[in-house]
Every structure is written in C-alpha cells, then in structure tokens.
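Asker: The following block contains a protein sequence and its predicted model.
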Amino acid sequence: MSNLTANDTALDIQMNRFGFWCAVICIATGFLAVALPLDVPGGYDATPEERLNWLAAHRSSFIAGWINQIVAMLTLSGLFLAIAWRVRQKSPLAALLAAGATALATMAFVIPKFMAVWTIPLLTQAAISEGAGADMAATLLPLLNVSIPFSLYTSFDYMGFWLYSLFALLTMVPMVDRDWPSKLAALLLCLFGVGFHAAFAMLIFGVIGAEDIEVSFGLSFLPLFILVLVMVAIFRRVD
C-alpha cells in the first residue's frame, strides 16, 4: 500500500512538471508567433493572386510559423491534460471527459496545421509552376485559406477550440480550491468556456457576420492566454 502511495506521489510530481513545462513552452511559442507570419498581410481581403504570390515568396517563414503553431497546440493540449490530472480526485468523470475532449481537439488541430506545413506549400508550388495539376491546385488553395473563417481550414481550427471550450466547462468547477490562483484559474476556464459558446450561439443565430468572427471569438480567447500564465505559477508552486 505504501509503494502504491509513493508511486501516485511520484506521478503527481511528474504531471506537475509536465504541466509547468508545457505552459512555459506554450508562452515561448506565443512570443515566436509575433515574429513568424501565418498568412499574407490582410489575408481576409487579399485576392487569390496576391495570396499565391505571397506564399511563393515567403514559403520558409510560412512553414516555420505553422510549425511553431503545431508546437503551441501540442503544449497547450499537454497543459490541459495536466489540469485534467489535477482535478481527477475531485471529479474523476469530468477529468476523463475533459481529457477525451482535449485528445479530440488535438486531432482537429493537427489536421489543418499539417496541411499548412505540407499541402499549402505544395499547392502553391504547383499553381505557380503552371504544370501538371496547376488547375487543381489553384482550385484547392482557396479552400485552405487560413484567414477566411468559413474556409475548410479554419473550420477544423474552430472545431478544435470548441472542444477546448468543452474542456474548460468540464474542469472549471473541480479546479476551484482554497488558494486564490486555483480560483482564478477556475474563473478563467469559465470565462473561456462560456465566452466561446456565447460567440458560437451569436454566430449560429446571425448576430455576428463572417467578417466579425475573428474579433468576436478572439475576445473569448483572452482568458485562455491568461490561464496559461496562471498555470505556470500553480504548477511551479506545487512542484
């Protein structure tokens, strides 16, 4: 029995360290994202020709930017799994469902981000070369526009964030503890989960249009950014 308790304690320590470093790396990728472009400037209003020329001229930086996004997504998912582990004793079912939502969200994010690293540069090269497959490439490239909120690409991205918001709703109550950092983290989870679903409801009922999606949903992401900072302090203190 004592060995089992010792193993549980060791695993708790490892998960705390895992969550801490996931949060730290996630913050670092956030700073890198400022310097690395993800699409042509003014991507929503850019013409297909402008975007094609920009992608051809900035292939390396575009790929680097989206590799950075993959790292950010994986570390954020890792942080969420560490949170799910943290709340498992208070609410095992909520923790299990939250971990499942995180896993599904990770898959939803991997699909479009891998397309950004693999498919979009190849489509750009094919369209520019005007060789075999150029017509098909020119047709498919707009479907993977990373700036238009109703493209096939961004649909996967927003589905991933919706699953993240489900995670937030599942963990916000068991996250509450006596110390103020845990209470703040629970509040931030609540704001993100409720805020995203509120924006989603407004989109479904036509309150916000396609051109306002990025701003409206972006506001709901703000608590998520602050949450990462708070979790650094929580996991660092526990460790």
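Answerer: Happy to help now that I have it.

Asker: Identify the residues contacting the residue nearest the centre of the chain.
Answerer: Using C-alpha atoms, centre = their mean, the residue of the chain that lies closest to the mean C-alpha position is Met73, 4.7 Å off. Residues touching Met73, when contacts are defined by C-beta atoms under 8 Å, 6 or more residues apart in numbering, comprise Thr106, Phe109, Val110, Lys113, Gly160. Every residue, glycine included, has its C-beta placed from N, CA and C.

Asker: So which bits of the strand or helix carrying Met231 are buried?
Answerer: Assignment of secondary structure by DSSP states H and E places Met231 within helix 213-238. Along helix 213-238, these residues count as buried under the neighbour rule (16 or more other C-beta atoms under 10 Å): 213, 216-217, 220, 223-224, 227-228, 230-232, 234-235.

Asker: Now do the lengthiest helix in the chain, average pLDDT.
Answerer: If you go by DSSP state H, the chain has its longest helix at helix 2-35. Predicted confidence along helix 2-35 averages 85 (mean pLDDT).

Asker: C-terminal to that helix, what's the next element?
Answerer: helix 48-57.

Asker: Extract the CA atoms of that following helix and return them as PDB.
Answerer: Coordinates of each C-alpha in helix 48-57 appear next as PDB, following Å, rounded to 0.1, in the frame of the first residue of the first chain:
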ATOM      1  CA  PRO A  48      -6.200  34.800 -54.600                       C
ATOM      2  CA  GLU A  49      -3.400  36.100 -56.800                       C
ATOM      3  CA  GLU A  50      -1.900  38.200 -54.000                       C
ATOM      4  CA  ARG A  51      -2.000  35.300 -51.600                       C
ATOM      5  CA  LEU A  52      -0.500  32.900 -54.100                       C
ATOM      6  CA  ASN A  53       2.400  35.300 -54.800                       C
ATOM      7  CA  TRP A  54       3.000  35.900 -51.100                       C
ATOM      8  CA  LEU A  55       3.000  32.200 -50.300                       C
ATOM      9  CA  ALA A  56       5.500  31.600 -53.100                       C
ATOM     10  CA  ALA A  57       7.800  34.400 -51.800                       C
END
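
Asker: any idea of the mean pLDDT in that helix?
Answerer: The model assigns helix 48-57 a mean pLDDT of 89.

Asker: Who are the packing partners of it?
Answerer: helix 119-129 (3 or more C-beta pairs under 8 Å, 6 or more residues apart in numbering; DSSP states H and E).

Asker: Okay, buried residues for the helix it packs on please.
Answerer: Thr119, Ile120, Pro121, Leu123, Thr124, Gln125, Ala126, Ala127.
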